[in-house]
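K.L.:
could you look at this predicted model? Sequence included:
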Amino acid sequence: MKLTRTFGYLGLVASLLVGLGEYFLHYSPQILEHASNYEFFKFVSQKHLTIGHFLAVIGLPFYFAGYIHIYRMLRSGNETLARVVLAIGFIAFAVGGIWIGSRSSIGNIVHLKESMDIITYQNLLDHYTNHMEILVKALRIVIATLSVVFTITILKGGTFYKKWMAFFSPIVILILLVLIGKITPSIGKHMLPILMNVTHFILFSLSLYQLNKLTKNQH
């Protein structure tokens, strides 16, 4: 139990560090009005791009610990399904790590827009979109797949989770946060740039809550 709890807290560390890094990388008051063609990056300082890059890179490996926590919470129900969740989680954050590591570079390219001809600039943006931004679309599919297996494993019973936890799969939390962000732009402009990290902060928090409650009941 103690090791499982430690992995869970490391997952929380990941969501906080990567979330803070991504906030430095992406946020400016103009982000919602300049979402197309990465234009919002011109309002993010080079200093923030650098700080955000290294915070995110430092924090990312802790996400793997977070998914080991999820695996350990699920495995008493079905070892095979728990391993599938673990494997998909690792894939998700390997892909996510490649993407987040590229953000300071595309931000720098946007800052250099005025120093290059428009064709070269557009070619760089198109190349980035085709090779890096596509990873975000792939990541959504991976997280949706993970969420289905996560939900099935909990509903089958025998895990450390109460069955209500099946509702709080990553994709459901993500969709709810998107809706909140769209309905309330004053919140959305701060939350949407770091959405996956907010999602996992909630996921790991709920998971640790259930683990701590289970441990308390056993004493």
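P.N.:
Nice, thanks for sending it over.

K.L.:
for stretch 186-196, buried residues please.
P.N.:
In terms of neighbour count (16 or more other C-beta atoms under 10 Å), stretch 186-196 has its buried residues at 188-189, 191-196. Yep, even glycine has a C-beta here, placed from its N, CA and C like the rest.

K.L.:
widest-spaced pair of those?
P.N.:
K189 and M196 (16.4 Å; C-beta to C-beta).

K.L.:
where's the dip in pLDDT among the buried residues of stretch 186-196?
P.N.:
Confidence by pLDDT is poorest for K189 among the buried residues of stretch 186-196, given 82.

K.L.:
which residues does the one helix or strand that residue maps to contact?
P.N.:
When secondary structure is defined using DSSP states H and E, the element that contains K189 is helix 185-191. Residues from elsewhere that reach helix 185-191 (C-beta atoms under 8 Å, 6 or more residues apart in numbering): 23, 27, 29, 31-32, 177, 180-182, 198.

K.L.:
next SSE downstream of that helix?
P.N.:
On the C-terminal side of helix 185-191, the nearest following helix or strand under DSSP H and E is helix 195-218.

K.L.:
how far off centre is that following helix?
P.N.:
16 Å (C-alpha atoms, centre = their mean, to the nearest Å).

K.L.:
ok, stretch 36-56 next?
P.N.:
Here the centre of mass of C-alpha atoms in stretch 36-56, compared against the chain's by C-alpha atoms, centre = their mean, lies 17 Å away.

K.L.:
CSV for the buried residues of stretch 186-196, including distance to H127?
P.N.:
As requested, the buried residues of stretch 186-196 are exported to CSV (distance: C-beta to C-beta, whole Å):
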residue, distance to H127
G188, 29
K189, 28
M191, 29
L192, 25
P193, 23
I194, 25
L195, 25
M196, 24
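
K.L.:
what is the nearest of these to T80?
P.N.:
Checking the buried residues of stretch 186-196 against T80 by C-beta to C-beta gives M196 as the nearest, at 26.2 Å.

K.L.:
need the contact list for the closest one.
P.N.:
M196 is in contact with 96, 139, 143, 174, counting by C-beta under 8 Å, 6+ apart.

K.L.:
just these: which are in strands?
P.N.:
Judged by DSSP state E, strands contain none of these.

K.L.:
just these now: which is nearest L203?
P.N.:
L174 (9.7 Å).

K.L.:
what sits closest to the closest one if chain neighbours are left out?
P.N.:
Spatial nearest neighbour of L174, chain neighbours left out: T199 (4.8 Å); criterion: C-beta to C-beta, 6 or more residues apart in numbering.

K.L.:
name the residues of stretch 89-107 that are buried.
P.N.:
Of all the residues in stretch 89-107, those buried under the rule 16+ other C-beta under 10 Å are 89, 91-93, 95-97, 99-100, 102-104, 106-107.

K.L.:
what about it, average pLDDT?
P.N.:
Across stretch 89-107, pLDDT averages out at 95.

K.L.:
can I get that stretch in CSV, CA atoms only?
P.N.:
Listed in CSV are the C-alpha atoms of stretch 89-107, where the atom choice follows Å, rounded to 0.1, in the frame of the first residue of the first chain:
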residue,chain,number,x,y,z
GLY,A,89,-0.5,4.8,-20.2
PHE,A,90,3.2,4.5,-20.9
ILE,A,91,2.5,4.9,-24.7
ALA,A,92,0.4,7.9,-24.0
PHE,A,93,3.1,9.8,-22.1
ALA,A,94,5.9,8.7,-24.4
VAL,A,95,4.0,10.3,-27.2
GLY,A,96,3.1,13.3,-25.0
GLY,A,97,6.7,13.7,-24.0
ILE,A,98,7.8,14.0,-27.6
TRP,A,99,5.1,16.6,-28.2
ILE,A,100,5.8,18.7,-25.1
GLY,A,101,9.5,18.7,-25.8
SER,A,102,8.8,20.3,-29.2
ARG,A,103,6.8,23.3,-28.0
SER,A,104,9.6,25.7,-27.1
SER,A,105,11.0,25.1,-30.6
ILE,A,106,7.8,26.0,-32.5
GLY,A,107,7.4,29.0,-30.1
